[in-house]
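>>> Compute the structure for the input listed below.
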Amino acid sequence: MDMKRDYREDIRLFPSNVVKVWFFLLIAFLVLLPLFTKGYIVYNLNLILINVIVALGMNILVGYTGQISLGHAGFFAIGAYASALIMTRLHLPFVFALPASGLIAAAFGFLLGLPALRLKGPYLVIATMGFGMAIIQIIGHWEGFFGGHMGIITPKISFGPFELNTDRQLYYLIMTVTVGMTIAAINIIKSRIGRAFIAIRDSDIAAETIGVNLTHYKTLAFAVSAFYTGIGGSLMGFVLGFINPQNFNFFLSISFLAMVVVGGLGSILGSILGAILITILQIQLNNIPEIPLLGKGVVFLSQGWFSMSGIANVSSIIFGLILIIIIIFEPLGLWGRWLKIKYYWKKWPF
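Residues are numbered from 1 along each chain as shown. As a prediction, the model looks like this:
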């Protein structure tokens, strides 16, 4: 009976009243935040929330199951195009298109998970990377259906007579979806499925010995991760208002993986912190002002390029250096730093 009671306490969303209070304070903060911020900041908040959804799905696959993927830009593109085409071609409402886009991405994730049963390490990386590149090539060359390299315009989200036209209106929708999917991720990890994922990550041979079906759970991990990424891609399409294959390049997959590694592998909080940090870094690096160089004129960095010195894509170089510094000084990621801060204050002043 004691074991059953402990198990029920472990799967509760709010293990204590303190956690419950902090949760509702966080929700209140998220609700009030766009009321005191400018439109451009609200747009950036939408990007952060979408990346949180993707990072949660990525961490379920990489951090909790131990499978690595560099093809999540493909799932992101599938979600974005699926929801847009469902609404424009099939004339179905958003409430159907959003989950349908996630399920379509999950189906592709299941198929990609099949090679993961026999591939590990760099071989799995190459397989997933090839998948992401193949999806982008198909979308880019199928003009009659996907619009080719010209892309397509995403429709407006509407609920009956009400249409979401502003970033602030989209924020509340995206915030609601993000909170719901965060709670779902927490419950997945605390469930039997989550424990099977963790067992596979620690040792797939030992997991199989104790009765974990590797075929079932490895493919399920890819499907769940792809579902989250597809939902994020669907929401991103509506935030941008226009999508084309260039939005889903290989660097996007690297960014998703960086969010998980920098935030902290095997941590829901780490996924959130990593998504926030990486998104803010990308936004700030894209807004680097012009910097004059003596004797060489002006170097334009706004697009991430040295125009006269011959060094290209400087924003990506700075981005990579920052990630290297973070990993060197905090190998457990932001989640590890948070644990150190929490333990420090628990023991303070001793």
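
>>> Can you read off the pLDDT for the spatially most central residue of the chain?
Most central in the chain under C-alpha atoms, centre = their mean is Val54, positioned 1.8 Å from the mean C-alpha point. Here, the pLDDT recorded for Val54 equals 96.

>>> likewise Pro349?
Here, the pLDDT recorded for Pro349 equals 70.

>>> Surely it is within a helix?
No. The assignment for Pro349, made by DSSP: H, G, I helix; E, B strand; the rest coil, is coil rather than a helix.

>>> now stretch 33-50: how far from the chain's centre is it?
The chain centroid and the centroid of stretch 33-50 are separated by 17 Å under C-alpha atoms, centre = their mean, to the nearest Å.

>>> tell me the mean pLDDT for it?
Averaging pLDDT along stretch 33-50 yields 90.

>>> Not counting it itself, show me its contacts.
The contact list for stretch 33-50 (C-beta atoms under 8 Å, 6 or more residues apart in numbering) reads 166-168, 170-172, 174-175, 178, 232, 235-236, 239, 275-276, 279-280, 283. Heads up, the C-betas are built off the backbone N, CA and C, glycines and all.

>>> List the contacts of Glu208.
By C-beta under 8 Å, 6+ apart, the contact set of Glu208 is Leu214.

>>> Quickly note the distance from it to Asp202.
For Glu208, the distance to Asp202 equals 12 Å [C-beta to C-beta, to the nearest Å].

>>> Show me the strands in the stretch 151-300 of the chain, by range?
Taking DSSP state E, counting those that start in this stretch as the test, the strands found in the stretch 151-300 of the chain are 152-153, 157-159, 162-164, 242-243, 291-292, 298-299.

>>> For the fourth one, which helices and strands make contact with it?
Right, strand 242-243. Under the contact definition 3 or more C-beta pairs under 8 Å, 6 or more residues apart in numbering; DSSP states H and E, strand 242-243 sits against helix 72-89, strand 152-153.

>>> before we move on, back to that, is the residue nearest to the centre of the chain within a helix or a strand, and which one?
Per DSSP states H and E, Val54 falls inside helix 39-59.

>>> And that helix, how far out from the chain middle?
With C-alpha atoms, centre = their mean, you get 8 Å for helix 39-59.

>>> That one to helix 72-89, inter-axis angle?
For helix 39-59 against helix 72-89, the angle by axes from the mean of the first three to the mean of the last three C-alpha atoms, to 10 degrees is 120 degrees.

>>> circling back: residues near the closest residue to the residue nearest to the centre of the chain other than its chain neighbours, how many?
Take Val54 and drop its neighbours on the chain: the residue closest to it by C-beta to C-beta, 6 or more residues apart in numbering is Gly232, 4.1 Å away. For Gly232, the neighbour count with other C-beta atoms under 10 Å is 34.

>>> and what of the one 10 residues further on?
Residues lying near Phe242 (other C-beta under 10 Å) number 13.

>>> What separation do you get for it and Tyr123?
From Phe242 to Tyr123 the distance is 36 Å (C-beta to C-beta).

>>> returning to that earlier point: take the helices and strands packed on strand 242-243 and write them to CSV, including mean neighbour count.
Below are those laid out as CSV (neighbours: other C-beta atoms under 10 Å):
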stretch, mean neighbour count
helix 72-89, 26
strand 152-153, 16
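
>>> Ile193: which of these is closest?
When these are compared by C-beta to C-beta, helix 72-89 sits nearest Ile193, at 19.4 Å.

>>> From the contact counts, what lies against that closest one?
helix 39-59, helix 94-113, helix 121-141, helix 143-146, strand 152-153, helix 214-240, strand 242-243, helix 250-263.

>>> Report the buried residues of the second one.
Looking back up the chat, that one is helix 94-113. Under the neighbour-count criterion of 16 or more other C-beta atoms under 10 Å, helix 94-113 has 94, 97-98, 100-106, 108-110, 112-113 buried.

>>> repeat for the first one
Using 16+ other C-beta under 10 Å as the burial criterion, the residues of helix 39-59 that qualify are 42-59.
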